[in-house]
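Peer 1: I would like the atomic coordinates for the input below:
(one chain, ligands or ions: 1)
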Amino acid sequence: MLLVATVILASCFLTAKLWKRLAKYVMDLFTMRNIIGPAQLPLVGNAHQFEYGGAAFYRQIMELGRQYQDHPMFRIWVGIYPIVVLQKAKSVESILSSSKHITKAFQYDFLHTWLGTGLLTSAGEKWHSRRKMLTPAFHFSILQDFCPVFSEQSRVLLQVHAQTEQNSEYVTSVANMSEIVMRRLKNPLYYSESLFARSRLSAEQNACLGVMHAFTTGVIAERRADFAAMRRRKRLTFLDLLLFESETGAKLTDSDIREEVDTFMFEGHDTTAAAMTWCLFLLGRHPDVQAEVHKEIDAIWEEGRLSPEGHLTSECLNQLSLLDRCVKEALRIYPSVPFFGREAAEDIEVDGYTITAGTTVLALATQLHRDPEYFPEPEKFNPDRFLPEAVRGRNPYAYVPFSAGPRNCIGAKFAQLEEKAVLCWFLRHYDVTSLQTEEEVDPAGELILRPAHGIRLRVQRRNV
Ligand code: HEM
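Peer 2: Numbering: from 1, shown residues only. Sure, this is the predicted structure:
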């Protein structure tokens, strides 16, 4: 009897939820009818049109961007779920600058099995308190302390082929997991947890999770073993801070720590690796710029500016202004995070269009960074776009590789310092020539914008 009652109640609830969702679908169709986008099928939306491979999807989304480039936004439908894609600085500003729209789009829930509700995926009070807790770990003084680490690790990279774990299980699992999340994102059937759980993808996901979580659990255990030494330090780095908090005030549990470590491991390694790869590709395409970068780098050695231990210091790195501009320009053309999404917290008016509450709003950095109003000849690699006089007066939301506003990237400064340090060591010792053109490299638009088949570079030792 109880079972029957439970089943009836559950199905009424489900039906009520479904009706509510369908009612919203009809309302959304009506309210957002003025927002341009490709023709869609009832209930299916544009889901049947999405390309599944990362490279083909990148081309598709860029083509849509070009098609609607005179509009501040366009919309696509994944089944009954609308996604409004913003591609102009002013429209992006209205979302990113606001402290109202700081909840991530519900599609980020697909990351929960992997990243829990760590800083990237959390919302509300949890996000606020974690962001406040972790911000000191990215203070300027801590970043400075990382310079010797960047130098030591770059020296490992210098022995090309030193990356002995090319097919590391962790790296492969991250790539597979990104692909699984992207497939879910494009297929409305996989929006249902129960349907997804029955799919082959779910089994693949579980295998990846096993590897990734075992890896991060090991990292935490190793660091915990050094806890006593860490306590004596004045400034605490990211993981030390979490461990410290777990033993003192905030009472973080082991799973609280692991979700943050999973988040930072992912956000921290794949993004910078892709960014450096694209920067080397572009320098390999522009030997004239590379020659100038070499001069700037060589001056550090010629003028004896390394630390007494032979490391790059933050002062050295701050003086690499051309390399800095190259890093920024590479992130303009190939932003490591090609798009990021928020949930509209309430009905909003953007550029005269209404976006309804609950709609996924996507900032499309790849298209935004190609707006000719701010970046004339957008496909051209031109680091001088980031000279102080060129940046002055430019809408800051025209260039958002690290997002912007309250939910911007907490690791932006760390990432830029790391990129410059690694590239500086590498280019001090090597010349690079790209063996492919821009048309031949195949950017794959997944969670991270990476070359679908790697990049072919000729690397020649310099006489230094
Ligand atoms: C070139 C390198 C990087 C790029 C282009 C980048 C870009 C971004 C972007 C666009 C976001 C917003 C994502 C969204 O709203 O969905 C973000 C968030 C985040 N990034 Fe980065 N990132 C980089 C490196 C790093 C590094 C090195 C770390 C950590 C050490 C890091 C940690 C994070 C975290 C934790 C968030 C979530 C912040 C929050 O919501 O409060 N990122 N990043």
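
Peer 1: Residue numbers of the stretch 251-400 of the chain in contact with the ligand?
Peer 2: Within the stretch 251-400 of the chain, the positions near the ligand by Cβ under 6 Å from any ligand atom are 263-264, 267-268, 271-272, 275, 336-337, 340. C-beta here means a position set from N, CA and C on the backbone, and glycine is covered the same way.

Peer 1: tell me which residues of whichever strand or helix holds Ile257 are tucked away?
Peer 2: Here Ile257 sits within helix 254-285, counting by DSSP states H and E. Across helix 254-285, burial judged by 16 or more other Cβ atoms under 10 Å covers 256-268, 270-285.

Peer 1: any residues touching the next helix or strand after that helix, and which ones?
Peer 2: Proceeding N to C from helix 254-285, the next assigned helix or strand is helix 287-302, under DSSP H and E. With Cβ atoms under 8 Å, 6 or more residues apart in numbering as the test, helix 287-302 has contacts from 283-284, 305-306, 312, 316, 319-323, 326, 381, 383, 424, 427-428, 431-433, 462, 464.

Peer 1: hmm, 6 Å instead?
Peer 2: Under the criterion Cβ atoms under 6 Å, 6 or more residues apart in numbering, residues 283, 316, 320, 322-323, 424, 427-428 lie in contact with helix 287-302.

Peer 1: and that helix, which residues are buried?
Peer 2: For helix 287-302, a neighbour-count test (16+ other Cβ under 10 Å) marks 289-290, 293-294, 296-297, 300 as buried.

Peer 1: circling back: which other helices and strands contact the helix holding Ile257?
Peer 2: Helices and strands touching helix 254-285, by 3 or more Cβ pairs under 6 Å, 6 or more residues apart in numbering; DSSP states H and E, are helix 200-225, helix 238-247, helix 321-333, helix 412-429, strand 430-434.

Peer 1: need those in JSON lines with mean neighbour count and mean pLDDT, can you?
Peer 2: What follows is these, written out as JSON lines (neighbours: other Cβ atoms under 10 Å; pLDDT from 0 to 100):
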{"stretch": "helix 200-225", "mean neighbour count": "15", "mean pLDDT": "93"}
{"stretch": "helix 238-247", "mean neighbour count": "19", "mean pLDDT": "84"}
{"stretch": "helix 321-333", "mean neighbour count": "22", "mean pLDDT": "98"}
{"stretch": "helix 412-429", "mean neighbour count": "21", "mean pLDDT": "96"}
{"stretch": "strand 430-434", "mean neighbour count": "18", "mean pLDDT": "97"}
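
Peer 1: which regions of the stretch 301-450 of the chain sit below the pLDDT cut-off?
Peer 2: Regions of the stretch 301-450 of the chain meeting the criterion pLDDT under 70 are absent.

Peer 1: residue contacts, the closest residue to the ligand within it?
Peer 2: Scanning the stretch 301-450 of the chain for the residue nearest the ligand gives Gly411, at 2.3 Å (criterion: Cβ to the nearest ligand atom). Counting by Cβ under 6 Å, 6+ apart, Gly411 makes contact with Gly268.

Peer 1: Give me the phi and psi for it.
Peer 2: Dihedral angles of Gly411 (phi, psi; degrees, to the nearest 10) stand at phi -100, psi 20.

Peer 1: Can you show me the strands along this structure?
Peer 2: Taking DSSP state E as the test, the strands found in the chain are 73-78, 81-86, 339-343, 348-350, 353-355, 360-364, 430-434, 443-445, 449-451, 457-461.

Peer 1: As a markdown table, these with distance to Val219 would be great.
Peer 2: Formatted as a markdown table, those follow (distance: least, Cβ to Cβ, whole Å):
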| stretch | distance to Val219 |
| --- | --- |
| strand 73-78 | 35 |
| strand 81-86 | 35 |
| strand 339-343 | 26 |
| strand 348-350 | 41 |
| strand 353-355 | 40 |
| strand 360-364 | 31 |
| strand 430-434 | 30 |
| strand 443-445 | 27 |
| strand 449-451 | 23 |
| strand 457-461 | 30 |
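
Peer 1: Out of those, which is closest to Thr172?
Peer 2: Closest approach to Thr172 among these is made by strand 449-451 (13.2 Å; Cβ to Cβ).

Peer 1: mind listing what the closest one pairs with, with the direction of each?
Peer 2: Here strand 449-451 has these sheet partners by DSSP bridges: strand 443-445 (antiparallel).

Peer 1: what's in contact with the strand it pairs with?
Peer 2: Against strand 443-445 from outside (Cβ under 6 Å, 6+ apart): 54-55, 57-58, 61, 338, 449-450, 452.

Peer 1: repeat that for 7 Å
Peer 2: For strand 443-445, contacts defined as Cβ atoms under 7 Å, 6 or more residues apart in numbering pick out 54-55, 57-58, 61, 334, 338, 449-452.

Peer 1: Select only the buried ones of these in PyMOL?
Peer 2: Buried residues among those (16+ other Cβ under 10 Å), as a PyMOL selection:
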select buried, resi 54+55+57+58+61+334+338+449+450+451
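
Peer 1: Show me which of the contacts of strand 443-445 is closest to Thr172.
Peer 2: Checking the contacts of strand 443-445 against Thr172 with Cβ to Cβ, the nearest one is Arg450 at 13.2 Å.

Peer 1: Now that closest one: closest residue in space that isn't a chain neighbour?
Peer 2: Ala274 (4.9 Å; Cβ to Cβ, 6 or more residues apart in numbering).

Peer 1: same thing with Gly445?
Peer 2: Tyr58 (3.4 Å).

Peer 1: how about the one you found, what does it touch?
Peer 2: Tyr58 makes contact with 443-445 under the criterion Cβ under 7 Å, 6+ apart.

Peer 1: got it, and Met212?
Peer 2: Applying Cβ under 7 Å, 6+ apart, the residues near Met212 are 114, 170, 173-174, 177, 262.

Peer 1: Now pLDDT too, for the residues you listed, in CSV please.
Peer 2: Formatted as CSV, the contacts of Met212 follow (pLDDT from 0 to 100):
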residue, pLDDT
Trp114, 96
Tyr170, 90
Ser173, 93
Val174, 92
Met177, 95
Asp262, 95
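
Peer 1: Show the pLDDT at Asp145.
Peer 2: pLDDT recorded at Asp145 is 86.

Peer 1: got a list of contacts for stretch 246-256?
Peer 2: 116, 133, 242, 245, 257.

Peer 1: ok, 8 Å please
Peer 2: Applying Cβ under 8 Å, 6+ apart, the contact partners of stretch 246-256 are 116, 129, 133, 220, 227, 242, 245, 257.

Peer 1: Between the two ends of that stretch, what distance do you get?
Peer 2: Terminal residues of stretch 246-256 lie 9 Å apart, using Cα to Cα, to the nearest Å.
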